[in-house]
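*Asks:* sequence-free structure coming up:
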């Protein structure tokens, strides 16, 4: 082999080596950057959790009906988690002058969906033991929960309230809770404060 040809082969070998090194160094970086661009960006640390607007239900000014109030609540992934967020928001103590129809201390224990449009809301015993009693007050308690779930989740058509994991006849002896209840929109005060035409309360048989 001539000296000129040897130099040429040496130069070519050096060039190929440089290309191989560049491939290992730069191609993975480009590939990683492309993958990062395609992936969904994660929210920055400390960013506020996403929220949605929901209709919650509180005692109206006349004390005889429910009033729908729009509030921001935490966003939930999927119907089940969103139902949980809605009920938790409904159970929370509202800021004055709003008044909750739900006894203080009531907690959400669990919530279930049956896939047929019924939700089962399991509450702590305070919803019954701390209840003030009376047909009207019990109706407002029950339908503030039923309406909050059904008004915000189109997939849910009816709600059954459980207490401490068990079916109950009622909370205070007046409203039949042995089956899922559809929305009680007739008890919700009309926009502008007008009183709705009340529908019969599902009474517990004596």
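*Replies:* Ah, there it is. Keep in mind that this is a model prediction, so the values were computed, not measured.
*Asks:* which residues touch the most centrally placed residue in the chain?
*Replies:* Centroid-nearest residue in the chain: residue 82, 1.9 Å away (criterion: Cα atoms, centre = their mean). By Cβ atoms under 8 Å, 6 or more residues apart in numbering, the contact list for residue 82 reads 52, 75, 76, 152, 153. Glycine gets a C-beta too; all of them are placed from N, C-alpha and C.
*Asks:* Distance of it relative to residue 52?
*Replies:* 8 Å (Cβ to Cβ, to the nearest Å).
*Asks:* Need the residues touching each of these two.
*Replies:* In contact with both residue 82 and residue 52: residue 75, using Cβ under 8 Å, 6+ apart.
*Asks:* Looking at the contacts of residue 82, which are in strands?
*Replies:* Per DSSP state E, strands hold the following members of the contacts of residue 82: residue 52.
*Asks:* Report the buried members of the contacts of residue 82.
*Replies:* Among the contacts of residue 82, the ones that count as buried by 16 or more other Cβ atoms under 10 Å are 76, 152, 153.
*Asks:* Turn those into TSV, including distance to residue 170 and pLDDT.
*Replies:* Conversion of the buried ones among the contacts of residue 82 to TSV gives the following (distance: Cβ to Cβ, whole Å; pLDDT from 0 to 100):
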residue	distance to residue 170	pLDDT
76	29	95
152	25	97
153	24	98
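*Asks:* wait, which of those residues is closest to residue 118?
*Replies:* Nearest to residue 118 among those: residue 153, at 11.6 Å, using Cβ to Cβ.
*Asks:* Contact partners for the closest one?
*Replies:* Counting by Cβ under 8 Å, 6+ apart, residue 153 touches 79, 82, 83, 86, 119.
*Asks:* ditto for residue 148
*Replies:* Taking Cβ under 8 Å, 6+ apart as the criterion, residue 148 is in contact with 54, 55, 56, 57, 86, 87, 89, 90.
*Asks:* partner residues bridging the fourth one?
*Replies:* Meaning residue 57. According to DSSP bridges, the partner residues bridging residue 57 are residue 68.
*Asks:* shouldn't it be in contact with residue 69?
*Replies:* Yes. Between residue 57 and residue 69 there is a contact at 7.4 Å, judged by Cβ atoms under 8 Å.
*Asks:* Which one's more surrounded, the two?
*Replies:* residue 57 (26 against 12; other Cβ atoms under 10 Å).
*Asks:* Look up the pLDDT of that one for me, please.
*Replies:* Note on residue 57: pLDDT of 98.
*Asks:* what do you get for residue 193?
*Replies:* We have a pLDDT of 65 for residue 193.
*Asks:* Over to the one 5 residues further on?
*Replies:* Per-residue confidence for residue 198 comes out at a pLDDT of 50.
*Asks:* picking that back up, so which of the contacts of residue 153 belong to strands?
*Replies:* Those of the contacts of residue 153 mapping onto strands are residue 119, per DSSP E.
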